[in-house]
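J.: no letters, just coordinates:
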């Protein structure tokens with residue numbers, strides 16, 4: 001039995017940055033709600049803000065589906081089609097350009113770290129001053145801002161991705177619901193919890209205490225903005241974002257696992273594979289999941 005909306009955000013639409021590294025390099029940060037920074041400029045900063053001894057990296061990109069979808073969209077492409085039936089990696093030149101951009105930085109230029117290169121967590125590395133830009137989401141900006149302990153080490157504003165030719169912002173509008181299991185032995189208690197967690201108070205706590213992005217209620221968003229104006233930054237991407245494309249056969253976990261695992265192989269700078277081979281393997285394994293019978 002379906003419940004009520006629980007969370008909604010624009011996905012991996014943001015580069016969470018350490019403003020101190022930009023200041024040290026003499027680079028002015030762009031408007032936190034502007035979309036004028038090009039992907040070429042982001043690549044330049046990834047080179048500029050890293051240390052040769054790898055004590056600090058300029059940019060980190062996760063291999064998750066959330067990141068790869070928005071990477072393709074930043075170049076005007078898509079990872080899979082809107083119907084959720086086809087991988088677009090071999091059909092859209094823009095999608096290939098996006099993956100080649102990441103491949104060049106990671107494998108050819110040896111600029112992007114793997115989690116092992118930076119201590120296992122890109123977020124922790126940003127907070128420790130070991131990373132200048134972490135490609136994550138607007139939600140991460142709020143959480144990093146909350147978790148900063150030493151502003152002499154890190155200050156975390158955001159950089160948004162460039163506007164696409166179609167006028168949309170590279171993003172992946174994601175959402176979910178709180179649900180009650182149809183055969184639960186405790187329907188009354190479950191319903192009471194659902195009523196609490198989707199109330200103004202419950203939704204606010206889900207954001208602030210749990211650190212989630214439950215941006216599904218205008219009253220809660222207004223309250224969050226009153227607490228911290230950084231939440232105002234999230235609204236344009238929510239209003240002008242691109243919806244998520246989900247597998248038609250509902251094999252979500254298998255799909256996201258295929259994207260993450262085969263992207264990691266494509267972008268592995270320690271055990272490199274030729275770009276064309278790695279991209280074909282990524283495409284084939286995404287399509288293999290999309291071709292399966294419905295879950």
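T.: Sure thing, it's come through. Every value quoted in this text rests on a predicted model; they were computed, and no experiment measured them.

J.: which residues of this protein score low on pLDDT?
T.: Confidence mapping of the chain against pLDDT under 70 gives the ranges 1-3.

J.: if we go to 50?
T.: Flagging of the chain using pLDDT under 50 yields the residue ranges 1.

J.: residue most distant from the centroid, it?
T.: residue 185 (36.9 Å; CA atoms, centre = their mean).

J.: distance from the chain centre to stretch 182-200, please.
T.: 30 Å (CA atoms, centre = their mean, to the nearest Å).

J.: ends of that stretch, what's the gap?
T.: End-to-end distance of stretch 182-200: 25 Å, with CA to CA, to the nearest Å as the criterion.

J.: contacts for that stretch?
T.: 1, 3-6, 178, 180-181, 202-203, 206, 217, 219-220, 223 (CB atoms under 8 Å, 6 or more residues apart in numbering). Every residue, glycine included, has its C-beta placed from N, CA and C.

J.: just the buried residues of these.
T.: Among these, the ones that count as buried by 16 or more other CB atoms under 10 Å are 3, 6, 178, 180, 202, 203, 206, 217, 220, 223.

J.: and the furthest pair within those?
T.: Greatest spatial distance in these: 180 and 223, 26.3 Å, computed using CB to CB.

J.: mind listing the helices for this protein?
T.: Along the chain, the stretches classed as helices by DSSP state H are 19-25, 39-48, 65-74, 93-103, 122-127, 138-147, 187-197, 200-208, 218-227, 235-239, 252-266, 275-290.

J.: which one of the ones you listed lies closest to residue 166?
T.: Minimum separation from residue 166 across those (CB to CB) falls at helix 65-74, 10.1 Å.

J.: show me what that closest one is packed against.
T.: If you count contacts as 3 or more CB pairs under 8 Å, 6 or more residues apart in numbering; DSSP states H and E, helix 65-74 packs onto helix 93-103, helix 252-266.

J.: format the ones you listed as JSON lines; extra columns: mean neighbour count and distance to residue 10.
T.: What follows is the helices and strands packed on helix 65-74, written out as JSON lines (neighbours: other CB atoms under 10 Å; distance: least, CB to CB, whole Å):
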{"stretch": "helix 93-103", "mean neighbour count": "20", "distance to residue 10": "18"}
{"stretch": "helix 252-266", "mean neighbour count": "18", "distance to residue 10": "18"}
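
J.: now those as a markdown table including distance to residue 238?
T.: Shown next, in a markdown table, are these (distance: least, CB to CB, whole Å):
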| stretch | distance to residue 238 |
| --- | --- |
| helix 93-103 | 23 |
| helix 252-266 | 22 |
